[in-house]
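# Just the structure for this:
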Amino acid sequence: MRFKRVGRFGTTGALVAASLGASVVLTPSAASAESAWECYGTAVKRCAAVWWDETADTYRARAKITDVAGGGSYQVKVTDVKLQRFSGNGWVTLRTAADGDGWKDTEDLAGTTTVDPCKWPTSSFGVVATFSWKGASSGEKTWRPDNSWALLCD
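All right, here's what the predicted structure looks like:
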């Protein structure tokens, strides 16, 4: 059986959206790549996304950390990026990228290899990564955006 990809959507809020009433947001296929990032932080901006390659209909996890101009001159790195799917009982890791290339002066970006999300047509997908920074202060945070992504397959 061949799957046909018909659209991509994301949920915001808890992953058990049906039982907790989280909102579902449809993402048009023409959305810009930059709009896919979910970010937080001021002096050090940490971002993550489940990246959709619409030409191949595949997903990958991506994460980046940026020393924001005027924010304190930090060195940054992102490690241990994971693409996960929600199985109904919890998160299952599908792909991992250790990304041990070390500290960067301005920005570090890492990503996993791709998967075909239609192999799990009833699952939603998420990303989790570890972000580290050192400079005026130091820190490390493992973070997952408060949303998930899915591709509608038929």
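# residue contacts, Asp105?
Contact analysis of Asp105 by Cβ atoms under 8 Å, 6 or more residues apart in numbering lists Asp67, Gln75. Every C-beta, even on glycine, is put in place using the N, C-alpha and C of the backbone.
# roughly how far apart are it and Ser73?
Asp105 sits 9 Å away from Ser73, going by Cβ to Cβ, to the nearest Å.
# Quick check: neighbours shared by the two?
Asp67.
# Thr58 contacts Thr112, doesn't it?
No: using Cβ atoms under 8 Å as the test, Thr58 is too far from Thr112 to be in contact (10.8 Å).
# So these two - more neighbours on which side?
Using other Cβ atoms under 10 Å as the criterion, Thr58 and Thr112 rank with Thr112 on top: 24 against 17.
# hang on, isn't that one packed against Ala98?
No: using Cβ under 8 Å, Thr112 makes no contact with Ala98, being 10.1 Å away.
# residue closest to the middle of this structure?
Nearest to the mean C-alpha position of the chain, by Cα atoms, centre = their mean, lies Ala49 at 2.5 Å.
# dump the residue contacts of Lys104.
The contact partners of Lys104, taken as Cβ under 8 Å, 6+ apart, are Gln75, Val76, Lys77.
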